[in-house]
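Peer 1: build the 3D model from these lines:
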Amino acid sequence: MSRPEIAKLARLLGEPVSRFDYLVGLSAEDIRAIRTRATEVLFGGNKALFDRIALASRLVPAALTAAIAQRTFGPLLSARVASALDPTRAIDLVSRLPVTFLADVAAELDPRRIAPVLAVLPVDKVIQVGTELANRQDHITMGRFVGDLPAPTLRALVTSLDEESLLHTAIYTDNPARLPDLFALIPDTRLPAVATTIASTALIDDLLPLLTHLDHPSQSRLATALRDLPPTQRHHLSDVAQALGVLESLGPIGSALA
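Peer 2: Next comes the predicted model:
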């Protein structure tokens with residue numbers, strides 16, 4: 001599971017993923033620690049400046065601040081300032097900014113630093129931005145946010161995304177412990193499509209270890225759908241899981257692949 005972490009690190013630093021190929025031998029936990037430290041440096045290094053800009057923004061109308069954010073600050077600086085904004089002010093600005101710009105800003109944000117804003121963002125606005133990110137196939141940004149979304153917003157997002165987008169987003173989550181909650185929101189009628197997508201995606205090596213984070217009820221639900229796959233697909237998934245050393249940790253899923 002180091003490849004998703006390398007991709008997130010590359011995104012944070014604005015570099016091609018290939019530049020970090022030398023990190024492949026490290027564990028996902030070690031790469032995540034590097035990314036966490038880099039995030040602290042990038043967001044904390046000029047915190048006083050961002051705080052002053054956020055404070056100054058209160059002195060001008062929100063409409064003018066939104067225009068300045070788009071035309072002068074751009075997505076990167078706007079993301080840094082967003083972490084210093086009062087949630088009420090942030091929500092006001094979000095309502096005045098186009099979805100495309102908000103998606104650009106989201107790619108530069110640290111979700112942990114805007115958790116109070118995420119908790120009160122209108123659901124429809126989150127879905128609009130999520131849809132834009134999905135259309136861009138920016139699953140990295142989406143994955144980093146799903147672990148921090150309130151339950152009603154997460155439910156709406158799961159409903160709005162197709163199976164491939166859901167699985168790709170899950171790969172890049174920063175909070176695997178939230179995966180059972182996410183999976184519980186997927187209705188049984190969608191599970192056959194989820195199983196087919198798992199079997200046919202090129203990201204099997206990243207997906208199968210992720211399924212070990214599901215709780216037993218979730219693994220049982222998915223196992224039912226996986227049993228209906230053609231034998232060749234089930235055996236392939238079993239072989240990959242065995243090679244990755246996760247077959248025994250998949251519980252009912254492992255039995256379904258036999």
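
Peer 1: V129 against D104, yeah?
Peer 2: No - using Cβ atoms under 8 Å, V129 is not in contact with D104; the gap is 10.0 Å. No exception for glycine: its C-beta is placed from N, CA and C like everyone else's.

Peer 1: and stretch 233-253, end to end?
Peer 2: By Cα to Cα, to the nearest Å, the extent of stretch 233-253 from end to end equals 13 Å.

Peer 1: apologies, that question was intended for stretch 208-221.
Peer 2: 15 Å.

Peer 1: next, the buried residues of stretch 130-137.
Peer 2: G130, T131, E132, L133, A134 (16 or more other Cβ atoms under 10 Å).

Peer 1: and for stretch 57-76?
Peer 2: S57, T65, A66, A69, Q70, F73, P75.

Peer 1: and S83, its phi and psi?
Peer 2: With angles defined as degrees, to the nearest 10, S83 sits at phi -70, psi -20.

Peer 1: my guess is it contacts T39. True?
Peer 2: No - judged on Cβ under 8 Å, S83 makes no contact with T39 at a distance of 10.8 Å.

Peer 1: what residues are shared contacts of those two?
Peer 2: Jointly contacting S83 and T39 under the rule Cβ atoms under 8 Å, 6 or more residues apart in numbering are D110.

Peer 1: of the two, give the one with the bigger neighbour count.
Peer 2: Using other Cβ atoms under 10 Å as the criterion, S83 and T39 rank with S83 on top: 21 against 16.

Peer 1: by mean pLDDT, flag the weakest helix or strand of the protein.
Peer 2: Within the chain, confidence by mean pLDDT, DSSP states H and E is lowest for helix 47-57 among all helices and strands, at a mean of 75.

Peer 1: for the very next helix or strand once past that one, packing partners?
Peer 2: The helix or strand immediately downstream of helix 47-57 is helix 62-68, counting by DSSP states H and E. In terms of contacts (3 or more Cβ pairs under 8 Å, 6 or more residues apart in numbering; DSSP states H and E), helix 62-68 is packed against helix 87-94.

Peer 1: now the helix it packs on: buried residues?
Peer 2: Buried residues in helix 87-94, counting neighbours by 16+ other Cβ under 10 Å, are found at R89, A90, I91, D92, L93, V94.

Peer 1: a markdown table for those residues, including distance to I34 and pLDDT?
Peer 2: Shown next, in a markdown table, are the buried residues of helix 87-94 (distance: Cβ to Cβ, whole Å; pLDDT from 0 to 100):
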| residue | distance to I34 | pLDDT |
| --- | --- | --- |
| R89 | 33 | 84 |
| A90 | 29 | 86 |
| I91 | 33 | 87 |
| D92 | 36 | 86 |
| L93 | 32 | 86 |
| V94 | 31 | 88 |
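
Peer 1: max pairwise distance over the residues you listed: which two?
Peer 2: Pairwise distances across the buried residues of helix 87-94 peak at 9.8 Å for R89 and V94 (criterion: Cβ to Cβ).

Peer 1: just give me the longest helix of the chain.
Peer 2: When every helix of the chain is counted residue by residue (DSSP state H), the longest turns out to be helix 28-44.

Peer 1: hmm, who's touching it?
Peer 2: Identification of contacts with helix 28-44 by Cβ under 8 Å, 6+ apart yields 1-2, 4-6, 8-9, 12-13, 23, 80, 83, 110, 113, 174.
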